[in-house]
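Student: this is the structure alone, sequence omitted:
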């Protein structure tokens with residue numbers, strides 16, 4: 001039996017799920033700020049108990065590999081590696097933008113098959129543009145086709161009123177992610193459709209299943225998240241003494 005643990009911690013939402021034979025059978029979420037370190041392992045333990053499973057009963061662990069929050073990605077990857085090391089099971093990784101794309105296309109929620117979840121795509125959609133907030137008017141993004149294929153490189157991009165002008169001229173475009181709202185105030189074209197949301201672990205079901213079937217496993221010892229931009233530590237302005 002194919003059982004997958006799914007972990008999505010790349011944004012403010014801490015989201016986990018367990019899938020069995022192509023269906024989500026348990027999931028947990030919290031948008032409490034800075035809670036990933038305290039909740040991720042707890043959520044997984046709760047789900048395993050709820051489903052009567054142990055980590056060793058799972059076929060693999062799939063984690064979000066970014067881009068996204070430096071701290072969130074570190075927590076998710078560290079947790080996934082610990083589970084894989086301890087149980088001797090493979091590690092899978094899915095890009096954050098891919099998760100948002102499958103969230104738009106329609107993926108399984110609790111007790112529902114992936115094919116049964118309604119799509120968020122507008123009629124005659126030409127492109128899906130997932131957007132992860134990178135502060136100010138910058139986003140992590142890429143172009144995807146309506147069937148989930150990535151057709152441009154992942155990049156950090158500053159959004160202005162001319163962004164995605166050519167794509168919007170071709171027809172309806174769905175912008176989805178935790179940066180959708182702020183971009184909607186700048187991109188005001190008729191064909192632009194916006195869905196403000198964070199990536200959810202349940203939406204990892206289809207890409208994670210494909211990765212598992214094709215045995216695209218990551219090296220548990222050396223795998224690192226895809227940050228896209230280097231993490232920059234800042235010096236606190238508060239005086240300690």
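Tutor: Looks like it came in fine. Nothing here was measured: the structure is a model prediction, and the numbers come from that model. Numbers count the residues shown, from 1 in each chain.
Student: now the helices for the protein?
Tutor: In the chain, the helices defined using DSSP state H lie at 36-51, 70-87, 96-105, 165-170, 180-184, 205-213.
Student: would you turn those helices into a markdown table with distance to residue 150 and mean neighbour count?
Tutor: C-beta: built from backbone N, CA, C; applies to glycine. Shown next, in a markdown table, are those (distance: least, C-beta to C-beta, whole Å; neighbours: other C-beta atoms under 10 Å):
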| stretch | distance to residue 150 | mean neighbour count |
| --- | --- | --- |
| helix 36-51 | 26 | 17 |
| helix 70-87 | 19 | 20 |
| helix 96-105 | 7 | 27 |
| helix 165-170 | 14 | 13 |
| helix 180-184 | 18 | 18 |
| helix 205-213 | 11 | 20 |
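Student: pick out the residue closest to the middle of this protein.
Tutor: Centroid-nearest residue in the chain: residue 96, 3.5 Å away (criterion: C-alpha atoms, centre = their mean).
Student: tell me how far the ends of stretch 19-33 are from each other?
Tutor: End-to-end span of stretch 19-33 (C-alpha to C-alpha, to the nearest Å): 26 Å.
Student: mind listing what's buried along it?
Tutor: Across stretch 19-33, burial judged by 16 or more other C-beta atoms under 10 Å covers 19, 20, 23, 24, 25, 26, 27, 28, 29, 30.
Student: without its sequence neighbours, what residue ends up closest to the second one?
Tutor: Spelled out, it's residue 20. Residue nearest to residue 20 in three dimensions, not counting chain neighbours: residue 3, with 4.9 Å by C-beta to C-beta, 6 or more residues apart in numbering.
Student: could the helices of the chain go into CSV alongside mean pLDDT and distance to residue 125?
Tutor: Shown next, in CSV, are those (pLDDT from 0 to 100; distance: least, C-beta to C-beta, whole Å):
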stretch, mean pLDDT, distance to residue 125
helix 36-51, 98, 32
helix 70-87, 97, 29
helix 96-105, 98, 9
helix 165-170, 96, 10
helix 180-184, 97, 15
helix 205-213, 96, 18
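Student: what's the closest of those helices to residue 153?
Tutor: With C-beta to C-beta, the closest approach to residue 153 among the helices of the chain belongs to helix 96-105: 10.9 Å.
Student: roughly how far is the closest one from the heart of the chain?
Tutor: Centroid separation between helix 96-105 and its chain, computed with C-alpha atoms, centre = their mean, to the nearest Å, is 7 Å.
Student: helices and strands around it, which ones?
Tutor: strand 127-133, strand 138-141, strand 173-177, helix 205-213 (3 or more C-beta pairs under 8 Å, 6 or more residues apart in numbering; DSSP states H and E).
Student: out of the ones you listed, nearest to residue 51?
Tutor: Nearest to residue 51, of all the helices and strands packed on helix 96-105, is helix 205-213, at 15.1 Å by C-beta to C-beta.
Student: got the angle between that closest one and helix 96-105?
Tutor: 130 degrees (axes from the mean of the first three to the mean of the last three C-alpha atoms, to 10 degrees).
Student: wait, isn't residue 164 in contact with residue 129?
Tutor: Yes - Residue 164 lies in contact with residue 129 (C-beta atoms under 8 Å); the separation is 6.4 Å.
Student: could I get the pLDDT score of the closest residue to residue 144 other than its chain neighbours?
Tutor: Residue nearest to residue 144 in three dimensions, not counting chain neighbours: residue 128, with 4.3 Å by C-beta to C-beta, 6+ apart. Looking at residue 128, its pLDDT is 98.
Student: distance of residue 128 relative to residue 212?
Tutor: 23 Å (C-beta to C-beta, to the nearest Å).
Student: that'll do, ta.
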